[in-house]
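Visitor: Need a 3D model of the sequence below.
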Amino acid sequence: APIAADMDISYHDEEFDNAFMKPTIYRMDPSPAVDAAWDDLGFTWENATFSPEQWVDANMPLNAVRVPEDHGPNYFGEIKAFHDLHCLNLLRKALYFNIDYYKSTPKVWEFRDDDRVIKMHVGHWLDSLRLQLMCTPSLDVLPWVWINSRAWTQKKERKPSIIANFKTRHMCRDFGAIRDWYLRQQDDKLKSGELGPWLPRSDDVIHDGKEFP
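Guide: Below you'll find the model as predicted:
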């Protein structure tokens with residue numbers, strides 16, 4: 001459920017330029033600069049905190065995790081868009097031409113496990129994105145165009161062929177505004193570890209881990 005009335009969810013017209021040969025930082029080979037660009041999208045931040053009023057207004061479950069008891073009544077969670085970006089980024093890292101780099105990178109904890117666990121993670125990331133794409137399917141149309149050659153073949157073809165034109169216009173939510181809102185919901189004391197051990201409250205429900213892997 002949407003979580004906040006004060007979040008800017010206005011729409012704007014935006015051009016996608018997603019051609020096969022269009023270089024962007026998000027497509028490049030692994031490097032610290034590429035990782036920094038992905039991380040800057042916001043999914044590496046700590047999960048956010050939400051007031052009880054925000055939580056109830058969004059019809060969220062009241063048996064969810066809250067911040068440590070002596071730190072207030074707020075709930076703890078994440079905006080799904082940022083989890084989806086996390087999944088997409090880790091699928092990128094798991095690609096056969098990227099995974100060796102990330103397996104050898106100490107900070108990438110997801111690839112320290114054995115292949116069985118990595119495969120389970122990849123399956124989760126993949127299915128999370130499938131579910132979201134089927135929940136909010138884009139009905140925008142990709143027009144097809146005639147071309148006399150395909151740029152990646154570096155040669156002129158014998159006859160014209162058709163290809164989808166990925167340079168299209170779309171109505172998009174303001175991701176920058178949503179990202180800024182999510183940043184404001186971060187709790188610096190939680191992030192710094194200043195509050196000490198984080199334990200369940202006396203009235204918290206502790207679920208079977210097999211139900212929520």
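Visitor: Just name whatever secondary elements the strand ranked longest in the chain is in contact with.
Guide: Secondary structure of the chain per DSSP state E: the longest strand is strand 155-164. Where contact means 3 or more CB pairs under 8 Å, 6 or more residues apart in numbering; DSSP states H and E, strand 155-164 is packed against strand 144-150. (C-beta placed from N, C-alpha, C; glycine too.)
Visitor: which parts of the strand it packs on are buried?
Guide: Within strand 144-150, no residue qualifies as buried by neighbour count (16 or more other CB atoms under 10 Å).
Visitor: orientation of that strand relative to strand 155-164 in degrees?
Guide: 160 degrees (axes from the mean of the first three to the mean of the last three CA atoms, to 10 degrees).
Visitor: ok, back up a step: which secondary structure elements does the following helix or strand past the longest strand of the chain sit against?
Guide: With elements assigned by DSSP states H and E, the helix or strand that comes after strand 155-164 is strand 167-173. Applying 3+ CB pairs under 8 Å, 6+ apart, we find strand 167-173 packed against strand 11-17.
Visitor: now the strand it packs on: how far from the chain's centre is it?
Guide: Mean-position distance between strand 11-17 and its chain equals 19 Å (CA atoms, centre = their mean, to the nearest Å).
Visitor: That one pairs with which strands, and in what direction?
Guide: Applying DSSP bridges to the sheet, strand 11-17 is found paired with strand 167-173 (antiparallel).
Visitor: about what we covered before: the longest strand of the chain pairs with which strands, and in what direction?
Guide: If you go by DSSP bridges, strand 155-164 pairs up with strand 144-150 (antiparallel).
Visitor: so for the strand it pairs with, what's the average pLDDT?
Guide: On average, the pLDDT along strand 144-150 is 85.
Visitor: Report the contact partners of the closest residue to Leu142 other than its chain neighbours.
Guide: The spatially closest residue to Leu142, leaving aside those adjacent along the chain, is Ala164, at 4.7 Å (CB to CB, 6 or more residues apart in numbering). Counting by CB atoms under 8 Å, 6 or more residues apart in numbering, Ala164 makes contact with 142-145.
Visitor: now do Cys172
Guide: Residues in contact with Cys172 (CB under 8 Å, 6+ apart) are 11-14.
Visitor: Go through the residues you listed and name the one nearest Arg92.
Guide: Relative to Arg92, the closest of these is Glu14; by CB to CB it sits at 22.0 Å.
Visitor: Quick check: which ranges of this protein have low pLDDT?
Guide: The chain contains residues with pLDDT under 70 at 1-5, 151, 153-157, 213.
Visitor: just to revisit the earlier point, how far out from the middle of the chain is the longest strand of the chain?
Guide: In terms of CA atoms, centre = their mean, the centre of strand 155-164 is found 36 Å from the chain centre.
Visitor: Show me what the residue nearest to Leu142 is bridged to.
Guide: As for beta bridges, Ala164 partners with Trp144 under DSSP bridges.
Visitor: Stretch 42-51: how far from the chain's middle?
Guide: Counting by CA atoms, centre = their mean, stretch 42-51 is centred 12 Å from the centre of its parent chain.
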